[in-house]
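Asker: Sharing a model that was predicted from the sequence below.
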Amino acid sequence: MYIVQIASECAPVIKAGGLGDVVYGLSRELENRGNTVELILPKYDCMRYDHIWGLHDAYRDLWVPWYDGEVHCSVYCGWVHGRVCFFIEPHSQDNFFNRGCYYGCDDDTLRFAFFSKAALEFLLKSNKRPDVIHCHDWQTGLVPVLLYEIYQYHGMSNQRVCYTIHNFKHQGITGKEILTATGLHRSEYYFQYHVLRDNFNPFALNLMKGAIVYANYVTTVSPHHAWEAHHGTFGYGLGHTLHLHQSKFKGVLNGIDCDFWNPEVDRYTPHHFTAKDLEGKAKNKQALRERLLLREGDKPLLAFIGRLDDQKGVHLVHHAIYHALQRGAQFVLLGSATERSINEHFWHEKQFLNDNPDVHLEIGFNEELSHLIYAGADMIVVPSNFEPCGLTQMIGLKYGTVPIVRGVGGLVNTVFDYDYDTDHLPEQRNGFVFYQSDYSALESAMNRAIDLWYNAPDAFQRLQLQGMDYDYSWHYPAKDYLEIYEMIRHK
Ligand SMILES: Nc1ncnc2c1ncn2[C@@H]1O[C@H](COP(=O)(O)OP(=O)(O)O[C@H]2O[C@H](CO)[C@@H](O)[C@H](O)[C@H]2O)[C@@H](O)[C@H]1O
């Protein structure tokens, strides 16, 4: 099958969070299974060019219709760790992708509407006719809309679209201008409730909703989150739309790329280890302590890795640091915040805790350090308010780092409580789960984990090994996606 992924991220060349990991990991697995996969991405000025091999001109003069005129673009092609990627570079005064950042500009919806349009125009003009186009999150929400309203009449009537939602909170709410810009005339049509109109603001359009309406299939990244979004509040206002389109909506659990995230061969960690021999893990813990100037000692080391965002339960992350210290444990945090107040808060904490030899806060994005933390920590805390899937607990499990998670979204599908999970046998359990979002719920799960580490090291190690035994690779999820692709192809 020939699959084209259109996305705003692909790890490691463009990675703001988990979306990038998924786009890369899924593409790789699909290719390993004999499919042809190509990726279309924006050519940002700030992406990691050192991860692209053989970048060259692929399509020199792509003219993309935009408002009443056209924007001249160049399309480059290169390999990102074996994946064929096309990068679109517009030449216009808007400088859409030369902003020194991936997201966070006032005109984000316009930037990515342009990208969606340009990606389809590129497919059209370069005569690429994939069986399936797989696009992701609000940034590419217009792809199925434009395909079915415009491009199918220009020779792309056989293409089918699978759309994956990684985060319902960001939906691409925007105004009428998007329609004029992308050539979707008849604004009264698109402003109807069953088309693109936002479910709550009658004067706004919702790009994610548009994708749900137009795509041939819609997924989110875990079965439990699919249920929460449809029936609970985590659809952030799109629950009714999902309900109307429930026959083409389901949750497919993400995987992780088990070659990139593999403690046996990890290129970023000084010591390698396997489930049969955890000595390398202990050495990584020592290396991590040395690197972050933490003191030696017989103490468990807890970690948090992730975006510092309301979604991640920052109030609980903050509390976890102090509770770990109070319980005689050490704590390492690696995170970055886009919201100014959260960023300032954690910088302040960092300064406050600067001289404490049991804690280190690293504010920023650091891929290499994240590997050492997964490899060296004993436990990883994921106290999210909501979590569509969550990759850090799955990576943690692979590295024998026991997850302590809040029971929401994909965390429910991947972490099974050591003491209380009744659906899994004791030898199948792999972490600690709490449900409420208050301090005492977090503390009780942390206490159970820390107590086990101190009082029953053998049992703690068994739990680590049970976690390492789980297969959260792309093996099964890729199969699910291929089934979806096959199904929509023949409709
Ligand atoms: N400061 C930092 N330095 C280095 N690496 C860092 C980092 N902060 C985060 N990372 C890395 O980025 C990834 C984050 O994964 P998450 O599952 O937390 O994704 P995120 O919430 O961004 O994305 C959304 O999409 C993903 C994918 O579908 C869903 O799993 C998730 O629930 C949903 O919110 C991990 O690989 C992690 O190691």
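Answerer: That came through, no problem.

Asker: helix/strand/coil for Val433?
Answerer: On the three-state scheme (DSSP: H, G, I helix; E, B strand; the rest coil), Val433 is labelled strand.

Asker: Bridged to it, which residues?
Answerer: Beta-bridge partners recorded for Val433 (DSSP bridges): Val405.

Asker: The helix or strand where Glu483 lies: how far from the chain's middle?
Answerer: Here Glu483 sits within helix 475-489, counting by DSSP states H and E. From the chain centre to the centre of helix 475-489 is a distance of 19 Å (C-alpha atoms, centre = their mean, to the nearest Å).

Asker: near the ligand, which residues of the stretch 201-350 of the chain?
Answerer: Val221, Asn254, Ile305, Gly306, Arg307, Leu334, Gly335, Ser336 (C-beta under 6 Å from any ligand atom). C-beta here means a position set from N, CA and C on the backbone, and glycine is covered the same way.

Asker: Pull out the buried positions in the helix or strand encompassing Ala282.
Answerer: Secondary-structure assignment from DSSP H and E places Ala282 in helix 279-292. Burial within helix 279-292, assessed by neighbour count using 16 or more other C-beta atoms under 10 Å, is assigned to Gly280, Lys281, Lys283, Asn284, Lys285, Ala287, Leu288, Arg289, Arg291, Leu292.

Asker: from the stretch 101-250 of the chain, which residue is nearest to the ligand?
Answerer: His166 (3.6 Å; C-beta to the nearest ligand atom).

Asker: Surely that residue and Leu19 touch.
Answerer: Yes - with the criterion set as C-beta atoms under 8 Å, His166 and Leu19 qualify as a contacting pair; they are 5.0 Å apart.

Asker: Just the ones in strands from the residues of the stretch 201-350 of the chain next to the ligand, please.
Answerer: Members of these lying in strands (criterion: DSSP state E): Ile305, Gly306, Arg307, Leu334, Gly335, Ser336.

Asker: List the strands paired with the helix or strand hosting Ser74, with their directions.
Answerer: Assigning secondary structure by DSSP H and E places Ser74 in strand 69-80. When pairing is defined by DSSP bridges, strand 69-80 lines up against strand 52-66 (antiparallel), strand 83-91 (antiparallel).

Asker: Alpha carbons of it, in CSV - could you do that?
Answerer: Taking Å, rounded to 0.1, in the frame of the first residue of the first chain, the C-alpha atoms of strand 69-80 are listed here in CSV:
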residue,chain,number,x,y,z
GLY,A,69,-3.2,34.7,-6.0
GLU,A,70,-0.6,32.0,-5.6
VAL,A,71,2.4,31.4,-3.3
HIS,A,72,5.6,30.2,-4.8
CYS,A,73,7.1,27.2,-2.9
SER,A,74,10.1,24.9,-3.1
VAL,A,75,9.8,21.3,-2.0
TYR,A,76,12.9,19.5,-0.7
CYS,A,77,13.4,15.8,-0.2
GLY,A,78,15.6,14.1,2.3
TRP,A,79,15.9,11.0,4.5
VAL,A,80,15.2,11.2,8.2
